[in-house]
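Asks: No sequence on hand, only this structure:
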């Protein structure tokens, strides 16, 4: 009995050791398969089809190279020119010269096929057959945009796209013009108060676009959406900051970086603030203060959320994600476009003079109107 017990005591640790060794061996094989074998195989396979690119590097792929190239580009003196591609995307400019218009690069162990050939870009963006699927949204991008219109596909995308089209078709946009004008007049008054001083136009346009989005899409003022815009800006900064930092799958479940903790707090804060806007609109509808939920973007989203037809209905998460997408994407894209346009007009004063002349001829000192805007030619070209 004692001998048998003794043998059992000795045999048990050996059995566990063998299990641990086997587990460790399998884990190493899986990691090497993901981090080395698969990338190497893909790289060779693409090369046989004429697609080449910078060599894959273990764990980081090409992210370190891209970061270094961007850092170097930002230290170079910048001339007053609209040709900034070499500063913004130096790796693409460099590698397209070496490997061709279409090449393979690596984000960690994930292969990325970069397409710059115009016809192929058009085919991919058109995507009539649905052959090009959107990648699953994860990490910081998931927290920033959720799974809204810009990230969804299939039936869900079609449902959300239909809502957006209905909210922003031609007649709806005409109805938004008075609110846009009011926001523009507020901005112009601020600019007059800084006459003769240097103005940071990017910040001014940020306030302007935020106000327009709040008024036209959500029926509120900039102050009501201020916290949402500010938190989205902070979250977008963290997203771009960590865009080139590959992480091992599942590691964030156990080890959280400071940025991950901060982004989780921001995501919750954004959701809570959007829900306040939603609840306020729902309460107005219940009290009879609104015609239903309203006819703006938020109103249409709420109608879809409360739709009796299950196929047409959208979830609370969809509702919040669409609000996040529009608050962020609408503001950032329009803001950047306006600031860039002003920069180009400052560089090319001849176009600036022509555009001003045309606006004065059509409108004089009157506020622009939809019919007159449709007649603009030079200003559209600029």
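Replies: Done, it's in. This is a predicted model, so every value here is computed, not measured.

Asks: in the stretch 251-382 of the chain, which segments are predicted with low confidence?
Replies: Residues of the stretch 251-382 of the chain that meet the criterion pLDDT under 70 lie in 251-253, 379-382.

Asks: count of neighbours near residue 262?
Replies: For residue 262, the neighbour count with other Cβ atoms under 10 Å is 14. From N, CA and C alone the C-beta is placed, and that goes for glycine too.

Asks: doesn't residue 237 make contact with it?
Replies: No - if you go by Cβ atoms under 8 Å, residue 262 and residue 237 don't touch, sitting 10.1 Å apart.

Asks: My reading is that residue 112 lies in a strand. Confirm?
Replies: Yes - counting by DSSP: H, G, I helix; E, B strand; the rest coil, residue 112 falls inside a strand.

Asks: Could you pull up the residues touching the closest residue in space to it that isn't next to it in sequence?
Replies: With sequence-adjacent residues excluded and distances taken as Cβ to Cβ, 6 or more residues apart in numbering, residue 112 is closest to residue 105, at 5.1 Å. By Cβ atoms under 8 Å, 6 or more residues apart in numbering, the residues touching residue 105 are 53, 54, 61, 62, 66, 91, 95, 112, 114.

Asks: From those, which land in helices?
Replies: Under the assignment DSSP state H, the contacts of residue 105 contribute 66, 91, 95 to helices.

Asks: Quick one: residues contacting the first one.
Replies: With Cβ under 8 Å, 6+ apart as the criterion, the residues that contact residue 66 are 91, 105, 244.

Asks: Can you give the domain ranges for this protein?
Replies: 15-73+82-132, 144-347 (automatic domain parsing).

Asks: Residue 368 is nearest to which of those domains?
Replies: Nearest to residue 368, of all the domains of the chain, is domain 144-347, at 7.8 Å by Cβ to Cβ.

Asks: and that closest one, how far from the chain's centre?
Replies: Domain 144-347 has its average C-alpha position 11 Å from the chain's average C-alpha position, going by Cα atoms, centre = their mean, to the nearest Å.

Asks: winner for burial among the domains of the chain?
Replies: Stretch with highest mean neighbour count among the domains of the chain: domain 144-347 (a mean of 16; mean count of other Cβ atoms under 10 Å).

Asks: End to end on that one, go ahead and measure it.
Replies: End-to-end span of domain 144-347 (Cα to Cα, to the nearest Å): 34 Å.

Asks: Ok, stretch 45-63 next?
Replies: 21 Å.

Asks: Give the rounded mean pLDDT of it.
Replies: Across stretch 45-63, pLDDT averages out at 93.

Asks: Need the contacts of residue 105 in TSV (columns: distance to residue 345).
Replies: Shown next, in TSV, are those (distance: Cβ to Cβ, whole Å):
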residue	distance to residue 345
53	38
54	38
61	40
62	37
66	32
91	30
95	33
112	36
114	32
